[in-house]
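Q: Predicted model and sequence below, questions to follow.
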Amino acid sequence: MAKVTIKVNGKNQTRTVEDRTLLVDFLRDELKLTGTHVGCDTSQCGCCTVHVDGRAVKSCSMLAAQAHGANVVTIEGMAKKGKLHPIQRAFSECHGLQCGFCTPGMIMATAGLLKDNPNPTEEEIYQGLEGNLCRCTGYINIVKAVKMSAKLLRGKAR
Amino acid sequence: MYSLSYVKAKSVKEAVAFLARNPEAKLMSGGMTLIPTLKQRLAKPTHLVDIARLAELRGISMNGGKLVVGAATRHQEVASSAVVKKAIPAVAYTASLIGDPQVRNRGTIGGSLANNDPAADYPAAVLGLGATVVTTKRSIAADDFFQGLFATALEEGEVILRVEFPLPKRAAYCKFHHPASGYAMAGVFIAQTAGGVRVAVTGAGPGVFRWKEAEVALSQNFKPAALEGLKLDASGLNTDIHADSEYRANLVRVMAKRALAKLTGKKS
């Protein structure tokens, strides 16, 4: 068993888990943060994307023990004081979702993309979201939402 | 995943000692191949020895006229490094094509080379540039390091410390990626080096290899047209549901021509 302490959404969380526990299972089963989804469980769909020390990663492809001492942000950590994060607002306003299953991962991947590239071209958005699949194929509005997110974060829209 | 123990090594020395005492333990760097493999129960190590965050294995620098990349340096760090972009832009570009952004944020050059997936990108750059893989035991030339399907010159308990890239006159990589997996169906890295032209091919065969005929042709005429009449021998190349060996042989030539076009600005 491994004693793991991870700062999740600003709060230190310590649990003793099996060494083989995946980070996504730590988040969902131990902390009940079920906004992070398991879509494919094979590192392809990106539904489980969270940020570890400021970088977007697939939480189904790393162990909780590897994140010991790290700073993790999940979709639950995006809204502040009941106010949606600009990326969440953009996904809502652009209807950047159909069934919504991939949305938490899309939003976390978008946050990662815009951190590195605050003003991406359409092609750069495609590449930036390459690790995320939408099973409804609702990509058109997702790309719109990313564009609006970029504008909001650059302070250029409303 | 089978039950196992996770061990975070405090140094490379400690990791090597641990591996010596535990023959069924496995090193882990970014884990981008290893964890999915474990989840499919295709491997059953007793321990995972994590070396991904060791400072002694991380970092990018110029040393003695060579570009030096620490084994635990992540793909994203290589892709965005000003030092790499200045020294060998083709290496930064190669790193930027690996997997997807999330994978590039975890995966490391040492992990990729030690795994030697036949469709991985880094082996093409390392072989194409004639780089040197420095381990806890020795320095291994790229030509000796890669030994076919998931096989390398690494011995039990030998750990990659860094990769040293000699600077080429110029180099380029071109890859036809599988649209679902992102892996190379064929990827060609071409470099004009002090020792001549080198052409390394990934994704098409059971492991990365040099296309010697193309190297000879390009030494005489470094233009896409030099590859026009050449045909890569398809025997031994991969055949799967995505492409047969003949298709891949042609794809290699097309990728080589595109890489050359990037370097020379000429289409033919």
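A: Nice, I can see it.
Q: Now for the nearest residue to B:Lys137 once chain neighbours are set aside, how many residues are close by?
A: Using Cβ to Cβ, 6 or more residues apart in numbering or on different chains and skipping residues adjacent in sequence, the residue nearest B:Lys137 is B:Glu158, 5.1 Å away. C-beta here means a position set from N, CA and C on the backbone, and glycine is covered the same way. B:Glu158 has 18 neighbouring residues, counting by other Cβ atoms under 10 Å in any protein chain shown.
Q: For the chain, which segments count as strands?
A: Defaulting to chain A. A:2-8, A:11-17, A:49-52, A:55-58, A:71-73 (DSSP state E).
Q: that's the other chain; I wanted chain B
A: Applying DSSP E to chain B gives strands spanning B:5-8, B:26-28, B:47-50, B:60-63, B:66-70, B:132-135, B:139-141, B:160-166, B:170-177, B:184-193, B:196-202, B:209-210.
Q: With mean pLDDT, distance to A:Val72 and mean neighbour count added, can I get the ones you listed in a markdown table?
A: Converted to a markdown table, these look like this (pLDDT from 0 to 100; distance: least, Cβ to Cβ, whole Å; neighbours: other Cβ atoms under 10 Å in any protein chain shown):
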| stretch | mean pLDDT | distance to A:Val72 | mean neighbour count |
| --- | --- | --- | --- |
| strand B:5-8 | 98 | 17 | 19 |
| strand B:26-28 | 97 | 19 | 23 |
| strand B:47-50 | 98 | 17 | 21 |
| strand B:60-63 | 98 | 26 | 14 |
| strand B:66-70 | 98 | 25 | 22 |
| strand B:132-135 | 98 | 33 | 20 |
| strand B:139-141 | 98 | 37 | 15 |
| strand B:160-166 | 98 | 28 | 23 |
| strand B:170-177 | 96 | 30 | 22 |
| strand B:184-193 | 97 | 32 | 27 |
| strand B:196-202 | 98 | 34 | 24 |
| strand B:209-210 | 98 | 41 | 20 |
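Q: Dump those to JSON lines, plus distance to B:Leu154.
A: Formatted as JSON lines, those follow (distance: least, Cβ to Cβ, whole Å):
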{"stretch": "strand B:5-8", "distance to B:Leu154": "20"}
{"stretch": "strand B:26-28", "distance to B:Leu154": "10"}
{"stretch": "strand B:47-50", "distance to B:Leu154": "15"}
{"stretch": "strand B:60-63", "distance to B:Leu154": "22"}
{"stretch": "strand B:66-70", "distance to B:Leu154": "17"}
{"stretch": "strand B:132-135", "distance to B:Leu154": "7"}
{"stretch": "strand B:139-141", "distance to B:Leu154": "8"}
{"stretch": "strand B:160-166", "distance to B:Leu154": "7"}
{"stretch": "strand B:170-177", "distance to B:Leu154": "24"}
{"stretch": "strand B:184-193", "distance to B:Leu154": "21"}
{"stretch": "strand B:196-202", "distance to B:Leu154": "18"}
{"stretch": "strand B:209-210", "distance to B:Leu154": "18"}
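Q: so which of those strands gets nearest chain A?
A: Judged by Cβ to the nearest Cβ, the one of the strands of chain B that comes nearest to chain A is strand B:5-8, at 4.1 Å.
Q: If you count contacts, what does that closest one end up packed against?
A: For strand B:5-8, the packing partners by 3 or more Cβ pairs under 8 Å, 6 or more residues apart in numbering or on different chains; DSSP states H and E come out as strand B:47-50.
Q: who does the strand it packs on touch, helix- and strand-wise?
A: Contact here means 3+ Cβ pairs under 8 Å, 6+ apart; on that basis strand B:47-50 packs against strand B:5-8, helix B:12-21, strand B:26-28.
Q: Direction included, what does the last one pair against?
A: Strand B:26-28 has the following strand partners under DSSP bridges: strand B:47-50 (parallel).
Q: just how off-centre is the strand it pairs with within its chain?
A: The chain centroid and the centroid of strand B:47-50 are separated by 22 Å under Cα atoms, centre = their mean, to the nearest Å.
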